[in-house]
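> Below is the structure, and that's it, no one-letter string:
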Ligand code: CP
């Protein structure tokens with residue numbers, strides 16, 4: 001794993017390595033052996049991903065370089081490639097990039113000599129979100145085999161759905177979609193259920209944000225969306241006792257989910273955010289290790305792979 005771009009090519013062993021490393025990071029955090037520098041290049045708004053990368057970097061003893069597009073030379077027309085190469089030239093050891101384009105990384109990988117992490121690529125993939133989602137599921141159930149996971153909401157515009165489908169299928173989960181008309185994506189070959197069927201049968205209900213900023217039509221009614229396609233109080237009551245509710249956030253309260261359920265007993269939404277820090281620590285450490293950077297006690301503490309598959 002030279003870069004962390006997509007969950008599509010990740011083996012079950014690679015995923016379990018990330019999850020077990022993240023669990024170790026949670027229990028026994030350790031600094032990297034040197035003061036490495038991460039450049040966080042965010043071209044789209046972010047709270048959770050950007051801040052949890054910064055906290056992960058801090059916990060690993062790294063320096064974080066921030067970036068503001070409008071105050072950078074990109075405002076003078078500099079390309080993403082030249083910007084990335086500049087950060088590399090001045091001493092960044094790793095690039096963490098979020099961008100509106102679904103394939104922004106095509107112009108960087110194989111052309112940089114430092115690791116690159118995808119922190120969100122348009123409507124393409126969001127692989128670090130997927131890893132923190134998987135850690136949350138694993139902490140709950142201890143397995144992915146035959147779990148019924150329903151991903152519900154704005155599938156069409158969701159990079160979270162795509163990354164999670166690839167990873168969950170690799171790990172043996174039964175994945176279903178539930179979507180309002182116009183929000184479907186048939187390219188992934190995932191079967192659809194209604195939101196009512198989803199609530200009756202799921203172990204994990206993974207809600208997605210309605211991504212207004214990626215819609216071309218303005219004809220959206222939040223009240224009827226919740227009633228027809230969201231998690232209402234009535235639907236939550238019908239879920240199995242052990243079933244959990246997830247959402248990558250930010251949440252449109254009262255749209256995908258009744259606001260009273262955001263912090264209900266089944267909700268793991270804030271747990272997901274907490275897991276984001278450990279998961280990102282794990283991904284950074286594993287990548288640096290792959291690139292030959294020695295981590296204090298890395299081999300002993302963080303190389304363990306859960307061999308369940
Ligand atoms: N889940 C997620 O990517 O949130 P942010 O957009 O706040 O980073």
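Now that the structure is in, tell me what you want to look at. Everything numeric here is computed off the predicted structure, so don't read it as measured data.

> Every contact and neighbour count from this point should use C-alpha atoms.
Will do.

> Would you mind listing what in the stretch 151-300 of the chain touches the ligand?
Within the stretch 151-300 of the chain, the positions near the ligand by CA under 6 Å from any ligand atom are 248, 249, 250.

> The first one belongs to a helix?
In this case it means residue 248. No - under the criterion used here (DSSP: H, G, I helix; E, B strand; the rest coil), residue 248 is coil, not part of a helix.

> My guess is it contacts residue 274. True?
No - between residue 248 and residue 274 there is no contact, the gap being 11.6 Å when judged by CA atoms under 8 Å.

> Point me to the helix or strand that includes the most centrally placed residue in the chain.
Centroid-nearest residue in the chain, with CA atoms, centre = their mean: residue 129, separated by 0.9 Å. Assigned by DSSP states H and E, residue 129 falls within helix 127-141.

> what's the helix or strand following that helix in contact with?
Later in the chain than helix 127-141, the nearest helix or strand by DSSP H and E is strand 148-152. Strand 148-152 is contacted from outside by 161, 173-179, 195, 198, 201-208, using CA atoms under 8 Å, 6 or more residues apart in numbering.

> Extract the residue ranges of the protein that are flagged as low pLDDT.
214, 216-223, 294-309 (pLDDT under 70).

> That one: helices as residue ranges?
For the chain, the helices defined by DSSP state H cover 12-27, 48-59, 80-89, 127-141, 159-170, 195-201, 222-229, 233-238, 269-290, 298-302.

> is it possible to export those helices to CSV including distance to residue 185?
Output for the helices of the chain, formatted as CSV (distance: least, CA to CA, whole Å):
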stretch, distance to residue 185
helix 12-27, 25
helix 48-59, 25
helix 80-89, 29
helix 127-141, 18
helix 159-170, 10
helix 195-201, 16
helix 222-229, 16
helix 233-238, 24
helix 269-290, 24
helix 298-302, 37
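
> Could you work out which of the ones you listed reaches nearest to residue 114?
With CA to CA, the closest approach to residue 114 among the helices of the chain belongs to helix 80-89: 7.2 Å.

> Against which helices or strands is that closest one packed?
When contacts are defined as 3 or more CA pairs under 8 Å, 6 or more residues apart in numbering; DSSP states H and E, helix 80-89 packs onto no helix or strand at all.

> So which bits of that helix are buried?
For helix 80-89, burial by neighbour count (16 or more other CA atoms under 10 Å) applies to 80, 81, 84, 85, 87, 88.

> Chain neighbours aside, what residue packs nearest to the residue nearest to the centre of the chain?
residue 160 (6.7 Å; CA to CA, 6 or more residues apart in numbering).

> right, and the one you found touches residue 122 too?
No - if you go by CA under 8 Å, residue 160 and residue 122 don't touch, sitting 10.3 Å apart.

> Residue 45: which of the buried residues of helix 80-89 is nearest?
Closest approach to residue 45 among these (CA to CA): residue 80, at 16.7 Å.

> Any buried residues in the helix holding residue 129, and which?
127, 128, 129, 130, 131, 132, 133, 134, 135, 136, 137.

> list the contacts for the fourth one?
With contact set as CA under 8 Å, 6+ apart, residue 130 has these partners: 7, 160, 163, 164, 167.

> Identify, from these, the entry nearest to the ligand.
The shortest gap between the ligand and any of the contacts of residue 130 belongs to residue 160, at 8.2 Å (CA to the nearest ligand atom).

> got the contact list for the closest residue to the ligand within the stretch 151-300 of the chain?
Nearest residue of the stretch 151-300 of the chain to the ligand: residue 248, at 4.3 Å (CA to the nearest ligand atom). Contacts for residue 248 (CA under 8 Å, 6+ apart) come out as 129, 133, 160, 207, 208, 209, 269, 272.

> For residue 245, see how far away the fifth one is.
Counting by CA to CA, to the nearest Å, the gap from residue 208 to residue 245 is 11 Å.

> Equivalent analysis for residue 106, please.
Using CA to CA, residue 106 is found at 34 Å from residue 245.

> More neighbours: these two, which one.
Set side by side, residue 106 and residue 245 show more neighbours around residue 245, with 25 against 11, by other CA atoms under 10 Å.

> So in terms of bridging, what pairs with the more buried one?
residue 205, residue 267 (DSSP bridges).

> and it, what does it touch?
When contacts are counted by CA under 8 Å, 6+ apart, residue 245 touches 204, 205, 206, 207, 266, 267, 268, 269.

> Can I get the residues you listed in JSON lines including distance to residue 74?
Shown next, in JSON lines, are the contacts of residue 245 (distance: CA to CA, whole Å):
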{"residue": "204", "distance to residue 74": "42"}
{"residue": "205", "distance to residue 74": "40"}
{"residue": "206", "distance to residue 74": "36"}
{"residue": "207", "distance to residue 74": "35"}
{"residue": "266", "distance to residue 74": "44"}
{"residue": "267", "distance to residue 74": "40"}
{"residue": "268", "distance to residue 74": "38"}
{"residue": "269", "distance to residue 74": "35"}
